[in-house]
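K.L.:
Compute the structure for the input listed below.
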Amino acid sequence: MSAVITTAYVQQNQPPGVPPLALTGERTLPDVPAENYWYRRHLAVYEWIAKRLAGARVLEMASGEGYGAATLLSGGAASVVGVDANPEAYEHARRRYQQPGLSFERGLVETWGEPGGFDAITFLQTIEHVHDPIAVLGHFKGLLAAGGTVFVSTPNLLTLAPRGAEKSDNPWHIKEYRAHEFRELCESVFDSVELYGLYHARKLRAHELALRLGWDQVHKRLRLSGPFYDRFTPAISARDFELSNIRPLHAALDFLAVCS
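P.N.:
A predicted model of the protein is given here:
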């Protein structure tokens, strides 16, 4: 049984010579069908940011598997450097994503880099993992060129953790944030902070409404849970999420801070 579970959560169909990664709960991955919801949820934010990086020198901190850095480059950035401390993730990323303007380095987010070298820095779904977030954000600020921007995202405590809890059961998370806490953190380092929320859209919004009308009970009673979700989950795309700065932040799935 354990071998089957392990295989189900390892990346499928990787290019020759690229070592597949397994899910640990620390980062999300493409090419794992059961993980598709979380992968697309993260990808939607990368694609939104990528549209705003034309011609920019970009640093992707905690770049993980590498898909995020590759997505940022696809929006027209001049160059993207992905930095991650994990040796397996680094090795996978440098082998899988080989294209002009894209490179990967091993290093710690707290110390890697030289001052003034980047027009934009991304640090997505990771600040909840660090012990001293103010120091990390301060380090990023020092790496920016004049007029640069740091993009930071994190899950919303109110929609991730059980009602009333101060943290979810994710063992990798040190601190999960409410909207006002996340804004205050970013404003303690940066002069300008614009906060967005990520929400369900399209078929995920329809699914959300169906759940409110009792869909959970219906699919369980009709024994449709497996057949339905085996098709529904892999069909989720990045377009089934949307970023907004006008909808209520307390209901957001994740927050994205645009800092300068």
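K.L.:
Could you report the pLDDT at the residue nearest the centre of the chain?
P.N.:
Centroid-nearest residue in the chain, with C-alpha atoms, centre = their mean: residue 42, separated by 3.9 Å. At residue 42, the pLDDT value in this model is 98.
K.L.:
Partner strands of the longest strand seen in the chain, with direction?
P.N.:
Selection of the longest strand in the chain by residue count, based on DSSP state E, yields strand 144-155. Strand pairing for strand 144-155, determined by DSSP bridges: strand 118-124 (parallel), strand 254-259 (antiparallel).
K.L.:
wait, residue 187 sits on residue 193?
P.N.:
Yes - in this structure, residue 187 is within contact of residue 193 by C-beta atoms under 8 Å, at 5.1 Å. For every residue, glycine as well, the C-beta is placed using N, CA and C.
K.L.:
The two: which is more packed in?
P.N.:
Counting neighbours by other C-beta atoms under 10 Å for residue 187 and for residue 193 shows that residue 193 has the greater number, 19 against 14.
K.L.:
Quick check: that one touching residue 184?
P.N.:
No - between residue 193 and residue 184 there is no contact under C-beta under 8 Å: 9.3 Å.
K.L.:
and residue 259, how many neighbours?
P.N.:
The number of residues packed near residue 259 is 23, by other C-beta under 10 Å.
K.L.:
distance between the ends of stretch 144-164?
P.N.:
With C-alpha to C-alpha, to the nearest Å as the measure, stretch 144-164 spans 38 Å from end to end.
K.L.:
mind listing what the closest residue to residue 74 other than its chain neighbours touches?
P.N.:
Excluding the flanking residues, the one nearest residue 74 by C-beta to C-beta, 6 or more residues apart in numbering is residue 50, at 6.0 Å. Going by C-beta atoms under 8 Å, 6 or more residues apart in numbering, residue 50 touches 71, 72, 73, 74, 75, 76, 77.
K.L.:
And these, which two are furthest apart?
P.N.:
71 and 76 (11.6 Å; C-beta to C-beta).
K.L.:
Show me which of the two is the more surrounded one.
P.N.:
The neighbour comparison of residue 71 against residue 76 (other C-beta under 10 Å) goes to residue 71, with 22 against 13.
K.L.:
Who are the contact partners of that one?
P.N.:
So residue 71 contacts 43, 46, 47, 50 (C-beta under 8 Å, 6+ apart).
K.L.:
rewinding a little: would you agree the residue nearest to the centre of the chain is in contact with residue 125?
P.N.:
Yes - the criterion here is C-beta under 8 Å, and residue 42 meets it with residue 125 at 6.1 Å.
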